[in-house]
Structure formats: C-alpha cells, structure tokens
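Colleague: What follows is a predicted protein model with its sequence.
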Amino acid sequence: MTTITTVKRLSEHVGQTVTLRGWVYNKRSKGKLHFLQVRDGSGIVQCVVFMKNVDEESFEAIGHLGQESSLSVTGEVKADERAPGGFEIGVSSVEIHQVVDGYPITPKEHGVDYLLSQRHLWLRSKRQSAIMRLRSHVMMSLRTFFQDQDFVCMDSPMFTPNACEGTSELFEVPYFERTAYLTQSGQLYAEASAMALGKVYTFGPTFRAEKSKTRRHLTEFWMLEPELAYAELDDVCQLAEDMICYVVRDVLENCQAELADLERDLSKLECILGPFPRLTYEEASKILLEHPDSEFVAGDDFGAPDETILSEMHERPVMITHYPKEVKAFYMKRDPEDESKVLCVDVLGPEGVGEIIGGSQREDDLGILEGRIRDHDLPMSAFEWFLDLRRYGSVPHAGFGLGLERFVGWIAGVEHIRECIPFPRTIVRLEP
Ligand code: 4AD
Ligand code: MG
C-alpha cells in the first residue's frame, strides 16, 4: 500500500512513492514515453511513464486514454523546477477506472455559450477550477475576518413576504395559499439580528429578477452582509476597507497557485492598502459632468459606464457616499446636514470592475421611516415587524452588502462574473 495524496500536497512527499487519483487532463506520447497531465481537483501534475518502468499492458492502455479518462497513478514524487507546479511523478503503475473517448471540451477554443451549456464539465478546466478554489478561499477568509471580531453569523431567510431593494426585481414563488418572494438581500433581517446580538453578518444566496445582461449581473448571487448596532456611516466605511484589505492580503499569501493559473497581475492586488479614496456623490458628479466620455445627468444614479470611469481613476477601491435620497433604498438614513441626501456608501472596485459593495446607515427614527415606506409605495403592514426595531430600543446602526461574485471576479481578474459561481443563473440561463 502506498500513501494516497493529492497534487496540492506533493511537496510533503518528495522522494516517496504515492498514489494520485484523478483524470487525464492532457497526454503526449513519444516512442517509449507517455507524458500524462493528471488533474485531481487540487491541481495538475505531469506524470512521466517510461515503457521500462510499467508493465507492457499498462503502457499500451495509457496510449488509448482520452481526455478525462479516470485513473489512479502510483509513482515517485520528484521535485523539478522546470515542471509546472515544481513536481513530477515517475510512474511505476496505473489503475485505469474508465477510458473516455470524445470528451466534449477539448483544449481548443470553444465559444463561451457552448462552455456555459457544458458548465457541469467546464468546471474541470484549469482556469475554472482555479476560480472555484479562489472563491472558496475568499468565502472562508470573509467569515474568518468577521468571526475574529466577534460578529455572529445570523442567516436571513430566502423566502420573504416583501421587497427590500425595490419591487421591480422580485422573483415570486407560490407559497401554499400565498405568494412569497425570493430574498433580494438579507438586510432587513440582519437589522433585527443586530438589535439582538450586536454585531452580525448574513451570508447566502440572493435573487434579483434583473433584466440586465451585463458582465456584472446574475439573477442568483451570493451576498455577505454585516450589520452593526451602535454604528454610523463612517464605521461601516472603515469596516469595508479593512475587510477588503484583509481578504486581498490573505489571498496573496494563500492562493498563489490559483493566481498563477489565472495569470493574475499581482501588482494590482499588492497595492490594495488603506486608506481608500473617498468622494461624495457631488464630487463624483462633478468629475463625470466634466468627463468627455460620460453621459451622466446631474441628480441621476451612476450607470455602469460612470462607475467604470470613476473606478479607473484609482488603483485602490473608491468609496462614494451621500447619494440623493431619490436614487437609493427606503431604509437609508437621511443626512442631517442635507436632507436631500442619504448616509450611504458604494464601494467601486478598481480596474473598472464597478460596484462591489452597497451600504448605509439605517433610518432609526420611527416617524421618518414610516414616511419613507409611504413615499416608496410599500405596504406598511408588511413592515410592522421592521418598524418594531424603531419602537423598542432604536439605536444608530449601519451595514453593507458585498456581492461575492463581483469581489471574486475582481480579485481573480475575471471579466465576467458568470465564471465566479459554480452554476451561474442569468436572465437567459437556467441550465445546467
Ligand atoms: O447595492 P445592493 O443592492 O445593496 C443591498 O442589497 C443592501 N441591502 C446591502 C446591505 O446594506 N446590507 O447590493 C449589494 C451588492 C452590490 O454592491 C453588488 O456587489 C451585489 O450586491 N449585487 C449583484 N451581484 C451580482 N448580480 C447582481 N444582479 C447584483 N446586484 C447586486
Ligand atoms: Mg447598490
């Protein structure tokens, strides 16, 4: 019996004979030699099969293995600087589990639509696997960041009776004799949780029936939402900045293999240090109004091209605060210094990635919040429980939502966020 290990752990076994269990990623043969690229989910390693080192039958069989054939390979781990990943296996035996011929995805270029329709297989590619491992690490890193500061994870429900971010983008679901909506944001529940537990976060899928077909929009995406009692806008701006810096540092230290597979320009991540530039909406508007390429109209929300312009001006994320209340959600606290504005922040990622975080201080005054619910034509009765939070021990509180796929897309240097979730859902895609 040899030790079973993974590509990721080969460095612990140099000079030993180990078994890897995986799939053929690529194969090249040359006379008495087969070069097998074997992937096992944790990475890819070159396995060198010399005719003289394996039995005749195996050598012959390896010659017939197509891409994605499954096999176990046993051999000696050799450190080799020239090998991708730094290691190579000198094969002494193989056990073939299934011979595959005609795998639908070949190393040649396929169109992205085809690849998306083959997503259940596309995930096996080097690039997609790297993005998924990076996503997994970012999720853990985010949780660690909050747990280490005594935040409590309080998951919000997916089935909700009402809207949080505007009624036009709700998915309706039959719910026994009633209609329920898939949640757009866990925030309203996070506010209740924060009044109970002080510092909380919710982290889960959120749904938006957005008709947008951009590289930044999914209909199902993951959001991490911290919410803090006794906190103001500045506190959450600082928290967002610290969180981003923490996760970027962590990824730079612990995801080097993935970043290398993605050919990520590390200098773009190494410069992510606080403090991040901060602009008010008015200051950002002024820049856009003077910009030759912007079609921005004063008083409007920023569109994706406006965000791109603002984000490309800086190598760090930019925070934009104090938007007009008309373009933002009902729950945001009015700015006491200018009642036409709200105490909110959008964080735009660099390299043109656009908004990755939306957050705010919350309206904590019962009467004003009731007025805002009326202004937005929302059904008061559905919000009675939410108003209770302003009736019983109301305090200043604030929070934000980070879109996980946009965050991962930026860190990974991936253009379209549909590659940043295992099985993307968009306006045109429900399969596989
Ligand atoms: O700015 P949003 O709409 O804010 C909220 O939902 C607040 N309730 C959050 C809070 O304060 N707790 O969404 C937050 C983030 C955006 O900045 C963006 O990163 C992401 O969620 N997001 C999307 N990501 C992918 N596809 C979509 N359709 C998205 N819509 C928002
Ligand atoms: Mg937003």
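Modeller: Perfect, I can see it now. Ligands and ions are numbered 1, 2, ... in the order given.
Colleague: packing partners for the lowest-mean-pLDDT helix or strand in the chain?
Modeller: Least confident helix or strand, the chain: helix 304-312 with a mean of 91, by mean pLDDT, DSSP states H and E. The contact analysis (3 or more CB pairs under 8 Å, 6 or more residues apart in numbering; DSSP states H and E) places helix 304-312 against helix 281-289, strand 318-321, strand 344-349, strand 354-361. C-betas here are computed from N, CA, C, even on glycine.
Colleague: Swap in 6 Å and give it another go.
Modeller: The contact analysis (3 or more CB pairs under 6 Å, 6 or more residues apart in numbering; DSSP states H and E) places helix 304-312 against strand 344-349, strand 354-361.
Colleague: how far off helix 281-289 does it point, in degrees?
Modeller: Put simply, helix 304-312 runs at 100 degrees to helix 281-289, going by axes from the mean of the first three to the mean of the last three CA atoms, to 10 degrees.
Colleague: follow-up on the earlier one: reformat the helices and strands packed on helix 304-312 into TSV and put mean pLDDT next to each item.
Modeller: Below are those laid out as TSV (pLDDT from 0 to 100):
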stretch	mean pLDDT
strand 344-349	98
strand 354-361	96
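Colleague: I'd like to know which of the ones you listed is closest to ligand 1.
Modeller: Across the helices and strands packed on helix 304-312, ligand 1 has its closest neighbour in strand 354-361 (2.3 Å, CB to the nearest ligand atom).
Colleague: Tell me how far the helix or strand just after the closest one lies from the chain's centre.
Modeller: Next along the chain after strand 354-361, taking DSSP states H and E as the criterion, comes helix 366-375. Relative to its chain's centre, helix 366-375 lies at 34 Å (CA atoms, centre = their mean, to the nearest Å).
Colleague: re earlier: what's the offset of the least confident helix or strand of the chain from the middle of its chain?
Modeller: 20 Å.
Colleague: before we move on, the earlier item: of the helices and strands packed on helix 304-312, which is nearest Arg418?
Modeller: strand 354-361 (15.1 Å; CB to CB).
Colleague: thinking again about what came up before, in the least confident helix or strand of the chain, what counts as buried?
Modeller: Pro305, Asp306, Glu307, Thr308, Ile309, Leu310, Ser311 (16 or more other CB atoms under 10 Å).
Colleague: what's the closest of these to Thr74?
Modeller: The closest of the buried residues of helix 304-312, once distances to Thr74 are taken by CB to CB, is Ser311, at 50.3 Å.
Colleague: where's Asp234 relative to Leu343, distance?
Modeller: 9 Å (CB to CB, to the nearest Å).
Colleague: List the neighbouring strands of the longest strand along the chain plus their orientation.
Modeller: Secondary structure assigned by DSSP state E gives strand 17-30 as the longest strand of the chain. Paired strands of strand 17-30, with direction, are strand 3-5 (parallel), strand 33-39 (antiparallel), strand 70-79 (antiparallel) (DSSP bridges).
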